[in-house]
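>>> The following block contains a protein sequence and its predicted model.
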Amino acid sequence: MKETKVVKFGGSSLADAKQFQKVADIILEDPARRFVVASAPGKRFVEDVKVTDMLYNCYELASEGENFDQQFQSIKDRYNGIIEELGMDDFSLDEDFETIKGAFSHMAGRDYAASRGEYLNSKVLAKYLGFDFIDAAKYIFFDERGNFDWDKTSEKLAPKLAKTEYAVIPGFYGSMPNGTIKTFSRGGSDVTGSIVARAAEAKIYENWTDVSGFLICDPRIINNPVPINTITYAELRELAYMGATVLHEDAIFPVRAAGIPVNIKNTNCPKDRGTMIVSETAEPCEHIITGIAGKKGMSVINIEKDKMNSEVGFGRNVLRALEKSNVSFEHMPSGVDTMSVIIQTDALAGKETAILDEIRSRVHPDQLFIETDLALIAVVGRGMKSARGTAAILFTALAEARVNIKMIDQGSSELNIIIGVAEEDFEVAMRAIYDAFIEVKR
């Protein structure tokens, strides 16, 4: 079987003609890069607007019965500018533009509108490369409930790829059983790339973006943080859940199931190693921890009751109170007579009284109150399991930074420690943790 790499390029990598040329050089340099997943054009400069946002705005006008000619012309100009600068005189998207404009007028739906950015960009890239174009709507499927359908997708996509030598596939969307377009959540081109990699039985899935892989911590908080060379799927999942955004959170599942490694690469610095995402690794950890991530906007419901631990069904009744208000929880650390339920503050909005009343009626607590303005920080690393004193380093660093820890939760896998701090201490805590585990090792 011919060696196959699936490569996905994000919006910043395909924002203009100059970026298209960089992408083409990368793809054509390696014959194994057979299948390309493309995003819609992203921002060319800070004040620019992504094409997906232009499409959303244009469709909103159409759905309200407003004239959208000017906005649609801006979208056409964006693509025609790329085509012209690439010297593709024999190629035109005019028929596609007419089809899309008509579909907007007939209320084809927001998902359809958003997906056209990837659709059009992939057509341009396929023509520029001399590759086949494969419309994702015909080979990537969702079920009646809007969930991705791997079985049906594999049945159609795998044989199509097997008989195709080189192709470009639009990211971000597929189709429902009735044929209408359905998109993944924002950033879903990462997911499409992962799906194609699994269907193609690829050796590797290269995800090209505008950064050279993952960084140990958010560069908006830590100046010039250390890059991560190798990370496991399990570590990535923990960091993505807590806010790390280089790779779409759901994108790891298709390739993880097939054991396909992912390489996060930089289109603008293609020689950089980037970050390798693998199932398991024997590569030694350079640091005890692999990464630090966190998120604000959390609240905690604190429940206290004597002999709570001996009351059968106590936890179940608390969770049923949340279920009744259709609220899910993030974490639930507990003691002998205490329980804390961590919830996203937005999810609680307007439901606080109903939830507290329901908890009181079900479990009759001695104390019950909600604390807001909580931030969660996850310290993640496969090296933590074999390292002594990890928690001591963490808590000492926070104490020296005068940060009060409001909550501690450690998973049974010893892969992560999650702490809760006041939102006002979030950045200070992140810097203290980074300095304790990483900066002192430099």
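Okay, I see it.
>>> which residues of the stretch 301-442 of the chain score low on pLDDT?
Applying pLDDT under 70 to the stretch 301-442 of the chain picks out residues 411-413, 440-442.
>>> where do the helices sit along it?
Remark: helices assigned in the stretch 301-442 of the chain by DSSP state H, counting those that start in this stretch are 314-324, 345-348, 352-363, 390-400, 426-437.
>>> Just the buried residues of stretch 74-89, please?
Using 16 or more other CB atoms under 10 Å as the test for burial, stretch 74-89 gives 75-76, 78-80, 82-83, 86. Quick note: C-beta positions are derived from backbone N, CA and C, even for glycine.
>>> Pull that stretch out as CSV, backbone CA atoms only.
Taking Å, rounded to 0.1, in the frame of the first residue of the first chain, the C-alpha atoms of stretch 74-89 are listed here in CSV:
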residue,chain,number,x,y,z
SER,A,74,-17.1,41.1,-0.9
ILE,A,75,-16.9,37.3,-0.6
LYS,A,76,-16.6,36.9,-4.3
ASP,A,77,-13.8,39.5,-4.4
ARG,A,78,-11.9,37.6,-1.7
TYR,A,79,-11.9,34.4,-3.7
ASN,A,80,-11.4,36.0,-7.1
GLY,A,81,-8.4,37.9,-5.7
ILE,A,82,-6.8,34.7,-4.7
ILE,A,83,-7.5,33.1,-8.1
GLU,A,84,-6.1,36.1,-10.0
GLU,A,85,-2.9,36.4,-7.9
LEU,A,86,-2.3,32.6,-8.4
GLY,A,87,-2.5,33.2,-12.2
MET,A,88,-5.3,30.7,-12.6
ASP,A,89,-6.8,32.4,-15.7
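>>> separation between S340 and A432?
Note on S340: its distance to A432, by CB to CB, to the nearest Å, is 23 Å.
>>> should've said L55
L55 sits 43 Å away from A432, going by CB to CB.
>>> And the two? Which one has more around it.
L55 (24 against 20; other CB atoms under 10 Å).
>>> ok, that one - contacts?
Counting by CB atoms under 8 Å, 6 or more residues apart in numbering, L55 makes contact with 40, 75, 113-114, 116-117.
>>> what two of these have the greatest distance between them?
I75 and A114 (12.1 Å; CB to CB).
>>> how deep is the closest residue to A432 other than its chain neighbours tucked in, by neighbour count?
Residue nearest to A432 in three dimensions, not counting chain neighbours: A401, with 3.8 Å by CB to CB, 6 or more residues apart in numbering. Counted with other CB under 10 Å, the neighbours of A401 add up to 16.
>>> same thing with H287?
By the criterion of other CB under 10 Å, H287 has 16 neighbours.
>>> That one touches G383, doesn't it?
Yes. H287 is within contact range of G383, at 6.9 Å (criterion: CB atoms under 8 Å).
>>> Common neighbours of these two, please.
When contacts are counted by CB under 8 Å, 6+ apart, the set common to H287 and G383 is empty.
>>> who touches D151 in this structure?
By CB under 8 Å, 6+ apart, D151 lies in contact with nothing.
>>> so where does it fall, helix or strand?
Element membership for D151 (DSSP states H and E) is helix 150-162.
>>> Direction included, what does whichever helix or strand comes after that helix pair against?
Heading C-terminal from helix 150-162, the first helix or strand you meet, by DSSP H and E, is strand 167-170. Partner strands and pairing direction for strand 167-170 (DSSP bridges) are strand 33-38 (parallel), strand 132-133 (parallel).
>>> tell me the SS of N80?
Classification of N80 by DSSP: H, G, I helix; E, B strand; the rest coil places it in helix.
>>> how close does the residue lying closest to it once chain neighbours are set aside get to I370?
Counting by CB to CB, 6+ apart, L93 is the residue found nearest to N80 once chain neighbours are left out, at 7.4 Å. Separation of L93 from I370 (CB to CB): 53 Å.
>>> Between these two, which is the more surrounded one?
Neighbours were counted for L93 and for I370 using other CB under 10 Å; L93 has more, 19 against 15.
>>> The more buried one contacts I83, doesn't it?
Yes. L93 is in contact with I83 according to CB under 8 Å; the separation is 7.2 Å.
>>> Overlap in contacts, those two.
By CB under 8 Å, 6+ apart, the residues touching both L93 and I83 are V124.
>>> List the buried residues for stretch 23-30?
Buried residues in stretch 23-30, counting neighbours by 16+ other CB under 10 Å, are found at 23-24, 26-27.
>>> Among the residues you listed, which are located in helices?
Residues of these located in helices (DSSP state H): 23-24, 26-27.
>>> can you put those residues in a markdown table and add distance to F214?
Listed next are those as a markdown table, based on distance: CB to CB, whole Å:
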| residue | distance to F214 |
| --- | --- |
| V23 | 21 |
| A24 | 26 |
| I26 | 20 |
| I27 | 23 |
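>>> tell me the two of the residues you listed that are most distant?
Comparing every pair within these by CB to CB identifies A24 and I26 as the most remote, at 7.3 Å.
>>> Give the helix, strand or coil label for D89.
With three-state DSSP as the criterion, D89 reads coil.
>>> From E323, how far off is it?
Look at D89 and E323: by CB to CB, they are 61 Å apart.
>>> cool, and T372?
Applying CB to CB, the value for T372 to E323 is 21 Å.
>>> For V428, which non-adjacent residue is spatially closest?
Leaving aside its chain neighbours, V428 sits nearest to A401 (5.5 Å; criterion: CB to CB, 6+ apart).
>>> Could you verify my assumption that the one you found touches F426?
No. If you go by CB under 8 Å, A401 and F426 don't touch, sitting 11.6 Å apart.
>>> OK, contacts around T353?
By CB under 8 Å, 6+ apart, T353 has no neighbours at all.
>>> how near is it to R320?
Counting by CB to CB, the separation of T353 from R320 is 17 Å.
>>> and if you look at M332?
M332 is 13 Å from R320, where distance means CB to CB.
>>> And for K152?
As judged by CB to CB, K152 and R320 stand 36 Å apart.
>>> What ranges in the stretch 51-200 of the chain fall below the confidence cut-off?
In the stretch 51-200 of the chain, residues with pLDDT under 70: 186-187.
>>> got the residue ranges for the helices in it?
Under the criterion DSSP H, counting those that start in this stretch, the stretch 51-200 of the chain contains helices at 51-63, 69-85, 94-105, 110-129, 150-162, 189-199.
>>> Please identify the deepest-packed of those.
Among the helices of the stretch 51-200 of the chain, the stretch with the highest mean neighbour count (mean count of other CB atoms under 10 Å) is helix 189-199, at a mean of 28.
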